[in-house]
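**Student:** 3D model of this:
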Amino acid sequence: MDFIFANSPYVWIFLGITLLFSEFLLPGTFVMFLGIGAIFTGILTRLVELQFYTQVVVWVVSSLVSILVGGSAVKRFFKSESSVDPFVQDDFLNQIVPVETDILVQRHGGKIRFQGTLWDAISTDSKIPKGNYVRILSRENLTFTVEKVES
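**Tutor:** You can find the predicted model right below:
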């Protein structure tokens, strides 16, 4: 323990560099700011003799300042983009799909195959036996409403 306390500036700098490089393994930028705080603490401890508890307080405060200042700078340079594609939600409309299990009128239990997955389906006008094809009219949660397609 005496070795660590005697060389605490270098331990802080080593810890900071380790945290900076660990940023390559951990997602996000949070660890990088902790590393910057540790390097700052190491440099300050090298210049001014500080008690260990004071060093910890300096590390916490400098990490918080680093997160606040650096976080806003990162957001400014790396703006996130999000978009909603209205066509993605309705990509099922008017799709012709096979019936895998008999589809009943206004009753659950029927199944269709859409995009490689079995989905619940109901019909509004007639029973549709397995093996036929249907057109998807709408979707409510995980259940499609379909109509029979004449082949």
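**Student:** Give me the next element, helix or strand, following the lowest-mean-pLDDT helix or strand in the chain.
**Tutor:** Within the chain, no helix or strand scores below helix 86-89, which has a mean of 56 by mean pLDDT, DSSP states H and E. Going down the chain from helix 86-89, the next helix or strand is strand 96-101, by DSSP states H and E.
**Student:** Return that following strand as PDB; C-alpha atoms alone will do.
**Tutor:** Provided in PDB are the C-alpha atoms of strand 96-101 (Å, rounded to 0.1, in the frame of the first residue of the first chain):
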ATOM      1  CA  ILE A  96     -50.400 -11.700 -50.600                       C
ATOM      2  CA  VAL A  97     -49.500 -14.500 -48.200                       C
ATOM      3  CA  PRO A  98     -50.300 -18.200 -47.800                       C
ATOM      4  CA  VAL A  99     -52.800 -19.500 -45.200                       C
ATOM      5  CA  GLU A 100     -51.100 -22.000 -42.800                       C
ATOM      6  CA  THR A 101     -54.100 -22.700 -40.500                       C
END
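**Student:** what comes into contact with that strand?
**Tutor:** With CB atoms under 8 Å, 6 or more residues apart in numbering as the test, strand 96-101 has contacts from 109-114, 118, 121, 128-136, 146, 149. For glycine as for every other residue, the C-beta is placed from the backbone atoms N, C-alpha and C.
**Student:** Could you list the buried residues of the helix or strand where residue 122 lies?
**Tutor:** Residue 122 is part of strand 117-123 when elements are defined by DSSP H and E. Burial within strand 117-123, assessed by neighbour count using 16 or more other CB atoms under 10 Å, is assigned to 119-123.
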